[in-house]
Each structure stands twice: as structure tokens, then as C-alpha cells.
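Student: got a sequence here, can you build the structure:
(chains A and B)
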Amino acid sequence: MLGDNLPAPATNKVQRHQSREILTATAVWISAGLVIATLVWILTDIAVRGLAQVSLTFLTEEVKDAGRAGGIGPIILSTLLIVSVTLAVAIPLSLATAIALTERIGQDTWFARNVRRCLDVLAGVPSIVFGLFGNAFFAITLGLGYSILSGGLTLACMVLPILIRTSEQAIAAVPNEYRYAAAALGLGRTAALFRVILPAAAPALMAGVVLSIGRALAETAALIFTSGYVARAPESLLDSGRSLSVHIYDMSMNVPGGGSRAYATACVLVGLLLAINATTELLLRLAGLPTRTTSGGRT
Amino acid sequence: MSRSDLTLKFVSRAMAIISAAIVLLILGFLVRESEPALRELGLARFFTDASWHPLSGKFNFTPMIAATLLTSLGAIMIATPLGIASAVFAHFYAPPLLVNWHRRLIELLAGIPSVVFGLWGLVVLAPLVARMGGSGQNLLTATIVLGLMVLPTVALLSDAAIASVPREWIQGAAALGLQRWAIVVKVVLPGARRGIGSGVMLALTRALGETMAVLMLAGNIVEMPKSLLSPARTLNANIALELGYASASHRSVLFVSGLMLMLVVSVIVVGVSRRKGPSDAWR
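Tutor: Now for the predicted structure:
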């Protein structure tokens, strides 16, 4: 780009630089291409092997013959219940924490710094450790057993850091003029928060929620020993229930001949996550935030 | 301050304290559950016992620690060059039309569940690796897939680090007649070194913490790995495989391994956040 336009005197040095330019460009293009090609490979593989088996009956029927026949109806139900429990606990907790971190306390007090540090560590905790904790605390100490409630609560702890971080960003992105205007109209802080700031931040807050749903759907290791393996439709929140991701794991590792059903389930799960990805982006655009605020790896 | 404002202050602060305390609760429970094993067996036995035969009271972690370190470090060695190249591509080489799509795809890669990576590795990658000998479920397969999984962390954090390099440096370098490769290699990458380093360290914590994909791909035999093609079992996979039936001291020993993982990961995370300031947007 830059070198091409030079009236290059044909010295060795310039030639060497030209060849390095070409070499670097090739390496960068190949690396980036390789990564994208692998992603496309994975997605097409899932789609090609899975899509043919996904049908309405597959989505609604009972699990039969350890999953080799029938559908994934009860599993979708369990997954929905687990995610509902997660959100019911995580949303109020994270919203209140985000309010405490943004609206109440200066960005850099001792309190805020340490809360954030704890959350950073929480975000790094390996998912299997969440599984151990959930098993010891929710399932055994609190006596919830292997149940949807244990699984949902464990996942709530897991998505908390990302949900707090996105809520913080959402609240911080509300222009200060809104706060001044509210104050000028004589609204107290609480009224301003609930009537002006949170409504203004709603789309971005929602984006964070949707993103956390994605995280919760993708999780497996934390659920095996908290919500368990049972593939029947759960009758209450205290029944064990198998999530989509646990079903994929079980089908591919523990059930001989379950591979194709694992692919079909993976297809459903990836489809859901793609939809979630698109929704997040849409909501963030609606909120006028750069879509990259939500970027990053898995938690 | 009105009464509703005070209530809000107390409630939100209390919630914030609860959120922050969860990590301490987790730590507390791990310590409580692993305490019997630490007291009865002591730390040394996890390294000096003859083998891993939990049912006959032999608890040697060494092969599994080795497998955990090998897969994680291998994954980092794959993810670092590719991730940095991805970020450089997005900033300096990609045609404007591709930039956004490239980022979006990398974010998509970050969102793919680990079981799906595991499934793909099991059905597609393992047979390819098996041509080099063995069953295909070995360290190499697990490491490649793990590398792919942690790549987005390196790529996105490097991307952010490169974006924060002052534009003047790049313009200055261009004005001095540096070519694109020289600007990237001699100006941008050194300038973004800290951010890229944090990205790599956080990717390492992801790799150390990953369970499912490795569980599905590494073969899960407890032995000291002799080559990249030998099967191995990581600490995380071991917990996932054995917690279901473990009782008494065996269960407690599994919690010890969980505690070790959590401590290592936490030390890295705190180290990175201290270097960068705690609330830096690393996600």
C-alpha cells in the first residue's frame, strides 16, 4: 500500500523490503483465512450433518432409546427452565450491583475497586469449578439435590460477571444530560434512576441479558453435577433435567450410535446461539452503542 | 437525601456485596470440601503416590497436571500467532468491506459451546489425526481444538490493544517511509505489547479452565504422556469423569484438584488485572 507508490530505486535494500512486505502480507492473510475457514468448516459440518434430522417432531417428541430415537422435547423444556431460574436470580442481583457501581459510587473508590476485582476473578473461575461448587453448595448443603434449581443457581453465579459488566456499560452510556435534566426537574436520585436512566438504558441492558442467555446455553461442565442427566420432562424445579449441551455430550460420549442425534441437537443449539448473537447486535444498535462492547471470549 | 434514596443505596450496596462475595463463597466451599483430604493425606502425597487409583487410596496428580499444562500451553502456542495475525489483519490488511465481517466471525467463534467443539473434534478432526497413528483421541487433537477455542480471546484483546496504539505513531512511521510490515512489526506490536500479553494470559486461564472439549478429545487415560499422540487426562476432565461416583476421601481429593485449578487461574487473573487496572474492559 505504502511501498507500491514509491519510485523505487532498484537497490537490494528496497527489494528486500518489498519481499518482506509480501511475505508478511501473505502470512497474515493465510492465518486469518485459516481461522475463518475452520469456523466455516465447523458450522457447515454441524449444519450438513444435523439439519436434515431437525424437524418439528424432533423438537417436541420424548427422548426414546437413550436418545437414539425420538426427539428432544423434554430437553428443550429443561433448558428453558434452567435458563429461567438463572435469569430470575441473576438479573436483579446484577442490576442492583451495576447501579451500586455506576450511579452511587465514584468509579474508583476502594469499594468499587474490590467489587470489580472479585467479579474479574469470578469471571475467570473454570466452569468445572462452578460444577464442584454448585454440587457441594446448592445440591448438598442446601439440599436441593440434582435439580433444575441447583443448575440454574450455579449458572446464575457463572453469568453474573458478564451481566454486571454489560449492565454497567449500559447505565454508563446514558448521556449525563438526562441526569441533569432529571435533577433540574426536581426528581430524586431514585426517581431519576427508575423513570429516566433505566428506561433509557433498557435496550443495552436487554442486550446484556440476551448475551448471558447465550453463555448459559453454552455451558455444560457446570451442569453435569448440578442439574444432572435425567432426560424425562421435569415436573417441578426440584426435578433433575438435562440441558441441550449436556445432551450433546451424553449422546456423543456415552451412547454408542448417538452421534447423529448429537449433531441434530448441536444444530438446534448453534441455531439458537446464532439467533442470540443477531439479537444482541440488533439491541446494541438500537441502543446506539458500538457492538464491540460485548466482544470477548467465553466465560 | 430522601428515604427512598437511602433505601436504594443500602439495597444496591448490599447486592453488590453479595455479588462480590460469591467468589469467596466458592473458594470457601472448595477449601471446606478439600480440607479432609489435605489434612489426612497432606499435599505431598498428590505428587509422590505410585499412581492414580482413587479406589485403592492412591492419588497421584502428576500425570494429570502434566496433561493440563501440555494441552494449555500447546493451545496458547497455536492461538497466539494466529490470534495476533487475526487482529493485525483486521487493522492493517483486510479490505474495509471484510473488517466487520471478520470481527463478527471471530466473536461467533468465541460463542460456540465447548461441547460443539468437542463433537466436531470427535467426528471430524480425530479421524484425521488418527491417520498419524493411535485412535485420534489424544493430546494433539485436544490441543488443536483447545487452541481454536481460546483464539478469540487473544484475537479480540489484541485487536483492542492495537486499536489503542496512538494514531500519531502509525502516521509518523508511515511518514518516515516505513512499509506496512515494518509499521506493524516495529511500531504497532511493540506498542500494543502489554495488551496483547494480557490477552495471552487470559487465554491461558481459559485453556486451563476448559473441560468439555478436552474431556471429549484427549482419550482420558491417566498416564504420563510420552508423545503428542498419546492419550491423556487433564485435571478438569478427571473431575468431570469421577465426581459422579466419588465418595469420602476420593471426593475430597477431587475438590483439592478443583481448588488448585481455581487458585492458579485466580492468581493469573489478579496479576493481569493489577497490571492493567482492575476494571479494564478485558471482555
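
Student: could you find the closest non-adjacent residue to the residue in chain A that chain B sits nearest to?
Tutor: Residue of chain A nearest chain B, by C-beta to the nearest C-beta: A:P126 (2.9 Å). All C-beta spots, glycine's among them, are computed from the backbone N, C-alpha and C. Excluding its sequence neighbours, the residue lying closest to A:P126 (C-beta to C-beta, 6 or more residues apart in numbering or on different chains) is B:G209, at 2.9 Å.

Student: so that neighbour touches B:S266, yeah?
Tutor: No: counting by C-beta atoms under 8 Å, B:G209 does not reach B:S266; the two are 10.7 Å apart.

Student: quickly list what's touching both of those two.
Tutor: Shared contacts of B:G209 and B:S266, defined by C-beta atoms under 8 Å, 6 or more residues apart in numbering or on different chains, comprise A:124-125.

Student: compare these two (neighbour count), which wins?
Tutor: B:G209 (25 against 19; other C-beta atoms under 10 Å in any protein chain shown).

Student: touching chain B at all, stretch A:191-205?
Tutor: Yes: applying C-beta under 8 Å from any C-beta of the partner chain, one finds stretch A:191-205 touching chain B at A:191, A:193.

Student: C-alpha coordinates for that stretch, PDB please?
Tutor: The C-alpha trace of stretch A:191-205 is given here as PDB (Å, rounded to 0.1, in the frame of the first residue of the first chain):
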ATOM      1  CA  ALA A 191     -36.900   8.500  40.700                       C
ATOM      2  CA  ALA A 192     -34.400   9.600  38.200                       C
ATOM      3  CA  LEU A 193     -32.900   6.200  38.100                       C
ATOM      4  CA  PHE A 194     -36.200   4.300  37.600                       C
ATOM      5  CA  ARG A 195     -38.000   6.800  35.500                       C
ATOM      6  CA  VAL A 196     -35.200   8.200  33.300                       C
ATOM      7  CA  ILE A 197     -32.000   6.300  33.300                       C
ATOM      8  CA  LEU A 198     -33.000   2.700  33.400                       C
ATOM      9  CA  PRO A 199     -35.700   3.200  30.600                       C
ATOM     10  CA  ALA A 200     -33.100   4.900  28.500                       C
ATOM     11  CA  ALA A 201     -30.600   2.100  29.100                       C
ATOM     12  CA  ALA A 202     -33.200  -0.600  28.500                       C
ATOM     13  CA  PRO A 203     -32.100  -1.800  25.100                       C
ATOM     14  CA  ALA A 204     -28.500  -2.100  26.100                       C
ATOM     15  CA  LEU A 205     -29.500  -3.800  29.400                       C
END
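
Student: tell me which residues are up against the helix or strand of chain A with the lowest mean pLDDT.
Tutor: Of all helical and strand segments in chain A, the minimum by mean pLDDT, DSSP states H and E falls on strand A:69-70, at a mean of 84. For strand A:69-70, contacts defined as C-beta under 8 Å, 6+ apart pick out A:61-64.

Student: ok, now stretch A:82-99?
Tutor: A:115, A:148-149, A:151-153, A:155-156, A:159-160, A:163-164, A:167-168, A:170-171, A:193, A:205, A:209, A:212-213, A:216-217, A:223, A:227, A:237, A:241, A:243, B:8, B:11-12, B:14-16, B:18-20.

Student: mind doing that once more with 6 Å?
Tutor: A:148, A:151-152, A:155-156, A:159-160, A:163-164, A:167-168, A:171, A:213, A:216, A:227, A:243, B:12, B:15-16, B:19 (C-beta atoms under 6 Å, 6 or more residues apart in numbering or on different chains).

Student: identify the residue of chain B closest to chain A, quick one.
Tutor: Counting by C-beta to the nearest C-beta, chain B gets nearest chain A through B:G209, at 2.9 Å.

Student: for chain A, which residue is closest to the average position?
Tutor: What sits nearest the mean C-alpha location of chain A, by C-alpha atoms, centre = their mean, is A:R215, with 2.5 Å.

Student: for that residue, which non-adjacent residue is spatially closest?
Tutor: Spatial nearest neighbour of A:R215, chain neighbours left out: A:V159 (5.1 Å); criterion: C-beta to C-beta, 6+ apart.

Student: report pLDDT for the one you found.
Tutor: Per-residue pLDDT puts A:V159 at 95.

Student: quick revisit: the residue of chain A closest to chain B - how many residues pack around it?
Tutor: 24.

Student: kindly report the same for A:F133.
Tutor: A:F133 - counted by other C-beta under 10 Å - has 30 other residues nearby.

Student: for my notes, confirm it occurs in a helix.
Tutor: Yes: under DSSP: H, G, I helix; E, B strand; the rest coil, A:F133 falls within a helix.

Student: show me the contacts for it.
Tutor: Neighbours of A:F133 in contact, by C-beta under 6 Å, 6+ apart: B:26, B:29.

Student: now do the helices in the chain.
Tutor: You didn't say which chain, so I picked chain A. Taking DSSP state H as the test, the helices found in chain A are A:12-51, A:56-60, A:73-99, A:110-124, A:127-134, A:148-172, A:176-184, A:189-192, A:198-218, A:221-224, A:244-253, A:259-287.

Student: the chain in question should be chain B.
Tutor: Under DSSP H, chain B gives helices at B:3-41, B:45-48, B:62-88, B:96-111, B:114-120, B:126-130, B:139-163, B:167-175, B:180-182, B:189-191, B:193-209, B:212-217, B:235-242, B:248-276.

Student: so who does the residue nearest to A:S127 when sequence neighbours are not counted touch?
Tutor: Closest residue to A:S127 apart from its sequence neighbours, by C-beta to C-beta, 6+ apart: A:A221 at 4.2 Å. Contacts for A:A221 (C-beta under 6 Å, 6+ apart) come out as A:127-128, A:131, B:211-212, B:240.

Student: can you rerun that using 10 Å?
Tutor: For A:A221, the contact set (C-beta atoms under 10 Å, 6 or more residues apart in numbering or on different chains) comprises A:126-132, A:245-246, A:249, B:114-115, B:209-213, B:215, B:236-237, B:239-240.

Student: what of A:G152?
Tutor: A:81-90, A:134, A:138, A:144, A:216, A:223, A:226-227, A:237, A:241.

Student: and residue 212, what pLDDT?
Tutor: Defaulting to chain A. On pLDDT, A:S212 comes in at 93.

Student: should've been chain B
Tutor: At B:M212, pLDDT is 92.

Student: can you say which of the helices of chain B is packed in most?
Tutor: helix B:212-217 (a mean of 30; mean count of other C-beta atoms under 10 Å in any protein chain shown).
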